[in-house]
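Asks: predicted model follows, preceded by the sequence.
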Amino acid sequence: MPHDQQIDGFHAHVYYSTDAERQIAAEIRTFVEENHDVTMGRWRDQAVGPHPQPMYQIAFANPEFDKLVPWLMLNRQGLNILIHPNTSDAVRDHRDFPIWLGDKLPLNIAFLEAGNSSA
């Protein structure tokens with residue numbers, strides 16, 4: 001059955017857990033910010049919301065998907081990255097519609113089910 005919600009953009013969440021991984025995440029962040037049409041979220045050095053590890057968010061519009069996601073695929077340097085659409089259903093965006101680059105991490109979907117949408 002087709003899903004009829006509109007995708008209003010995407011979020012990519014770049015996860016890290018060690019100082020070395022944070023440095024890689026910083027290098028990725030700098031390149032993405034300088035070379036792509038994105039809005040960078042702040043550094044979250046502790047797990048927050050549904051996210052099980054420290055991370056930062058990259059918000060981007062639909063036309064940027066074809067440029068940014070392939071670059072992340074080839075340049076993630078071992079980091080885990082969650083990419084999800086932004087529709088009107090944050091639970092399904094994170095649980096049912098994500099793309100994972102690297103390992104699929106266990107998200108706290110209950111946080112979103114409780115009506116929290118900042119993810």
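Replies: Perfect, I can see it now.
Asks: okay, now residue 27: neighbour count?
Replies: The number of residues packed near residue 27 is 12, by other Cβ atoms under 10 Å. C-beta: built from backbone N, CA, C; applies to glycine.
Asks: I'd assumed residue 81 was in contact with residue 72.
Replies: Yes: with contacts defined as Cβ atoms under 8 Å, residue 72 counts as touching residue 81 at a distance of 5.7 Å.
Asks: what residues sit buried inside the least confident helix or strand in the chain by mean pLDDT?
Replies: Of all regular secondary-structure elements in the chain, judged by mean pLDDT, DSSP states H and E, the least confident is helix 109-113 with a mean of 89. Taking 16 or more other Cβ atoms under 10 Å as the neighbour-count basis, helix 109-113 is seen to contain the buried residues 109, 111-112.
Asks: for the lengthiest helix in the chain, which positions count as buried?
Replies: The helix spanning the most residues in the chain, taking DSSP state H as the definition, is helix 19-35. Applying a neighbour-count criterion of 16+ other Cβ under 10 Å, one finds 21-22, 24-25, 28-29, 32 buried in helix 19-35.
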